[in-house]
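Chemist: below is the sequence, then the predicted model.
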Amino acid sequence: MIRKLAFAGIQRRWSDYLVLFSGLSIGSAIFYMFAALATNDKFLKANINISSVTQVFAFGLILLTIITIVYVSYAQSFLLGMRYQDYGLFMIFGAKPRKISQMILLETATVQLGSTMIGLVLGMGLTKIASQWLANQIHFPLTGLSVVQLPAIFVTIALFGLLAISSVLVSQWIVRKKSLNSILKANQISNQPNQDNKLKILESMGGLILLGLGFTAMMHIEVLQLAAIPFALVTISSGTYLVIHSLFSWVINWLKQKAISYRGIRLFTLGQLRFRIENYTRVLSMVTILFALALGAIVVGVGYHRQIPIMSSYSSAYSMNITNPTRATDKIVAKMDLTKNNEYSQVSDQSHVYLNQAQLKQQPIEAVIPANADKQLAQPQYKSVSIKQLMGQTVDNRAFLMLEPLAQRNKKLVVLPERQFNQVNGTKSTLQLIRVRDLNQSVPQLKRLEAYQHSVAAKQGYEITNSYEMFVISNTLFGGLEFIGLFLGIAFLTMLASCLMFKVLSGTKMDRIRYQMLLKIGVSDKKLKRAIAYEIGVLFVIPGVAGIVYVALGLQMFKKLMVDPYDQWWWAVLGFTACYGVYYLLTVKLYQRLVIKTRNPGGDKLGV
Amino acid sequence: MNNKAVVSVNNLFKTYGGRNSAKYEALKGINLEVQSGEFVGIMGASGSGKTTLLNLIATLDRPTSGEIRINQQDILNLKKNELSDFRAQELGFIFQDFSLLENLTAAENIALPLTLTNTKKAQIDTTVLQVAQKLSIEDFLSQYPAQLSGGQKQRVAAARALVHEPQLLLADEPTGALDSNSARDLLELLTEINQASNVSILLVTHDPFSASYCNRILMIKDGVIGNTLKRDSKTRTEFYQEILTDLGTYR
Ligand SMILES: Nc1ncnc2c1ncn2[C@@H]1O[C@H](COP(=O)(O)OP(=O)(O)OP(=O)(O)O)[C@@H](O)[C@H]1O
Ligand SMILES: [Mg+2]
């Protein structure tokens, strides 16, 4: 009987359960994805060139665990919100609390265990897809990444199992201990928002001071070292909480006095928002922090992505050197986007490499104009190398010889006037030097050209021949960081947006009554939908804007680690905002469906 | 047809269900008229179709066939948005469960119908105060519904239903959740408002006591209107007795 009732409940609210189920699945999938990386020591050590990488990931995992706990508890309260009234009703009919507890156990177990299992499978799939896609994007071969990672499976099941058990216990406790009346009235608004303005001012002052402390710590990270990060996290989180809590309600109170609020159902929307303050401050500040972390991770990741080719371009004036070009290499080169493509005839004997002066005058060898370390944002500038410099004991001489095949590198470079050059005896060869517009884009062709050259940087120690080699080496150094940044960013974004979504959706039960009531007294569907879009919009915009401001400030920290963290960071912000916006739209649509749509038209159900 | 009819309903049918579910004919040809300034009650057993009828008049649902005119306007020809505006301007509602918005203060709840028609704030403030004084709730205007008693809540709800001076006040079991004293207060209030400001009231109720405040009572049974009781010049107590006897014989 009890089993029947429980499943009847699930059946009746099928679409709501679907939202919950998919939400939980995505939650566990993302957790698994992250755990699969974090518990894979081999992968981390092989790919990421930072000694503390394991700690960084452990820290990330703890953070993600906290988010997951919050996330699941919102999802769970969404479930309970749907069911409370049913439980209350069953109890009125005389169902014993013990029976209700069994029902809760059955329902929660089905939903949570089922979604965890699906989430695991989904997580494995996502790990595969995401890692391949990202690896392709950043031309970074990930070694040792395994999709099925046993410890990760174990950790995921353990966490979600524990969460399921504790949510069962909490719901059972609520049903047993709380009076029937309060179960029936669960979710109803009870506490009055605090009206004291002086307290609010004090609160926002405190919040601002905490924020100031946090950001100061971040900007002076060289003084505080690693301790700056937990310190900043704590101060900024609590500062955000206080500021949102006080400022938010102060602004709404202020707006409520204004004449512009007395139009349509603006008063109602403000009232809704104001009553949500207590409930939402915690989510909003959490989402703000997560938003900033995720966006920061992406900005830094993208920053590295942009930076690697530019940094590499400074290592040599040429992207690739081809000795004795053939048809095959010409064919490849023809398809590339080049900014420079010169061929030089040369003759070599036992100890000399001879070059044609006339040819060098016509198409001089170029060198990179070195830039200050903190100015390496733009593509490098080039200068011509004079023949005297080329032949002397100079950097430019050495750089040119590096472009020669291995056997030639220790010979002496001699530039001869054309007539003499034509008479010199020795092996004739051609050296083709090319420079691409964008290393990132030309990687596949450069890779093929390199294969013709048999000159792999690794085989020759770390003396860099051309900028492509530098690019490959930098990618192995920084690619891991970039990967973490993008991966973390996407994982966090999905989690935080889902958190917010569930928080909003878990309130629909009571909101539905209110919105239905407004429909009755003559507010049109259209106006209600717009009001909902505004209301949820505010809830999404606050953490979004605050998060972006935090990233803008937090990037200061990376000034010492990156060339220019702010260069084009807006693109990352835009992309991120677009994804976030999709979540917003999804939430609005779901909310509108849950709150406005009439399920059974007519009679007592619709109305009175 | 009388020119002063606020509501006139002609041969109204409502069938629930259809295609995949069993059909149920809730209203089978209802005819009724409410004159301007009249206080009309609708009584009937549970399931007889009272709420269905009220919902149709309230434009919350559409009939299967028949005609409904409110203020000479055929409401079945209105589009969805026009219906919303029509409700906002011409109708006032009082529900059994008060249906106040807990996230707004009493004053803001009362102001709601006026903000829907974009009235100026200064105008709203004075109107709300006037209505509140009439219903003696001016002392708890800044309170939230959670801080009010049932009777107080229902008076706030009545104020909200009346603040925009609708032509017609619709009430479905407004006293259903009140104790007898609060119920009496509310009914007396409605009578007073009905007489003073000429608003027509359509009251759905089970309760003979509530019904005895009306000028006229329509007894609905199995989807049709049975007989009509008129108060005329009888006192309320006499009318109450008449309703009781009628219920006794009618059932
Ligand atoms: N949405 C609906 N779908 C199908 N049947 C309905 C619907 N709403 C009401 N009914 C049926 O129509 C009939 C009349 O219902 P209505 O709600 O009008 O009764 P009522 O007179 O208001 O009763 P009560 O005094 O109990 O409120 C009932 O038999 C009911 O089962
Ligand atoms: Mg009814």
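Modeler: Arrived safely, thanks for sending. Ligands and ions are numbered 1, 2, ... in the order given.
Chemist: name the nearest residue to residue A:300, sequence neighbours excluded.
Modeler: Of all residues not flanking residue A:300 in the chain, residue A:485 sits nearest, at 4.9 Å (Cβ to Cβ, 6 or more residues apart in numbering or on different chains). C-beta here means a position set from N, CA and C on the backbone, and glycine is covered the same way.
Chemist: show me the contacts for the closest residue to chain A within chain B.
Modeler: Going by Cβ to the nearest Cβ, chain A is nearest to residue B:88 of chain B, at 2.9 Å. For residue B:88, the contacting residues are A:521-523, B:113, B:116-117, B:164, by Cβ atoms under 8 Å, 6 or more residues apart in numbering or on different chains.
Chemist: on that earlier part again, run a quick neighbour tally on the residue nearest to residue A:300.
Modeler: For residue A:485, the count of nearby residues is 23 (other Cβ atoms under 10 Å in any protein chain shown).
Chemist: then it would be within a helix, right?
Modeler: Yes: per DSSP: H, G, I helix; E, B strand; the rest coil, residue A:485 lies within a helix segment.
Chemist: longest helix in chain B, please.
Modeler: As assigned by DSSP state H, the longest helix anywhere in chain B is helix B:180-197.
Chemist: and what about residue A:264, helix, strand or coil?
Modeler: coil.
Chemist: average pLDDT for the helix or strand where residue A:131 lies?
Modeler: Element membership for residue A:131 (DSSP states H and E) is helix A:97-137. For helix A:97-137, the mean per-residue pLDDT is 82.
Chemist: for it, what is the distance to the chain centroid?
Modeler: Between the centre of helix A:97-137 and the centre of its chain there are 21 Å (Cα atoms, centre = their mean, to the nearest Å).
Chemist: before we move on, back to that, what's the pLDDT at the residue nearest to residue A:300?
Modeler: 72.
Chemist: quick check on the contacts of residue B:88: which are buried?
Modeler: Listed as buried from the contacts of residue B:88 are A:521-523, B:113, B:116, B:164; burial here means 16 or more other Cβ atoms under 10 Å in any protein chain shown.
Chemist: contact partners of the longest helix of chain B?
Modeler: Residues contacting helix B:180-197 (Cβ under 8 Å, 6+ apart): B:37, B:39, B:134-135, B:149-151, B:154-155, B:158, B:162, B:165, B:169, B:171, B:174-175, B:178, B:199-201, B:203, B:209-210, B:213.
Chemist: now do it, average pLDDT.
Modeler: Rounded mean pLDDT across helix B:180-197 is 88.
Chemist: try stretch A:166-184
Modeler: So the average pLDDT for stretch A:166-184 ends up being 71.
Chemist: the residue of the stretch 501-608 of chain A found nearest chain B in helix, strand or coil?
Modeler: Residue nearest to chain B within the stretch 501-608 of chain A: residue A:522 (2.9 Å; Cβ to the nearest Cβ). Secondary structure assignment for residue A:522 (three-state DSSP): coil.
Chemist: check contacts around it.
Modeler: Contacts of residue A:522 were listed using Cβ under 8 Å, 6+ apart, and they are B:84-89, B:91, B:113, B:116.
Chemist: contacting residues around the residue nearest the centre of chain A?
Modeler: Among the residues of chain A, the one closest to the centroid is residue A:489, at 1.4 Å (Cα atoms, centre = their mean). For residue A:489, the contacting residues are A:294-298, A:301, A:576, by Cβ under 8 Å, 6+ apart.
Chemist: per-residue pLDDT, it?
Modeler: Looking at residue A:489, its pLDDT reads 78.
Chemist: ok, for it, nearest residue in space, not its chain neighbours?
Modeler: Counting by Cβ to Cβ, 6+ apart, residue A:489 lies nearest to residue A:298, which is 3.5 Å off, once chain neighbours are set aside.
Chemist: surely the one you found meets residue A:487?
Modeler: No: using Cβ atoms under 8 Å, residue A:298 makes no contact with residue A:487, being 9.7 Å away.
Chemist: higher neighbour count, those two?
Modeler: Using other Cβ under 10 Å as the criterion, residue A:298 and residue A:487 rank with residue A:298 on top: 26 against 21.
Chemist: what angle do the strand or helix carrying that one and helix A:97-137 make?
Modeler: Counting by DSSP H and E, the element that carries residue A:298 is helix A:266-313. Between helix A:266-313 and helix A:97-137, the angle comes out at 40 degrees (axes from the mean of the first three to the mean of the last three Cα atoms, to 10 degrees).
Chemist: quick one: helix A:266-313 to chain centroid distance?
Modeler: 10 Å.
Chemist: what do you get for stretch B:155-172?
Modeler: That offset, for stretch B:155-172, works out to 8 Å (Cα atoms, centre = their mean).
Chemist: can you check stretch A:14-31 too?
Modeler: On Cα atoms, centre = their mean, the centre of stretch A:14-31 falls 20 Å from that of its chain.
Chemist: go on, stretch B:196-205?
Modeler: Counting by Cα atoms, centre = their mean, stretch B:196-205 comes out at 7 Å from the chain centroid.
Chemist: in it, which residues are buried?
Modeler: Those buried within stretch B:196-205 under the rule 16+ other Cβ under 10 Å are B:199-205.
Chemist: of those residues, which is the nearest to ligand 1?
Modeler: residue B:204 (6.9 Å; Cβ to the nearest ligand atom).
Chemist: where do the helices sit along the stretch 101-250 of chain A?
Modeler: Here the stretch 101-250 of chain A has its helices, by DSSP state H, counting those that start in this stretch, at A:150-177, A:180-184, A:197-219, A:221-224, A:228-257.
Chemist: in terms of mean pLDDT, which of the ones you listed ranks lowest?
Modeler: Ranked by mean pLDDT, these bottom out at helix A:180-184, with a mean of 56.
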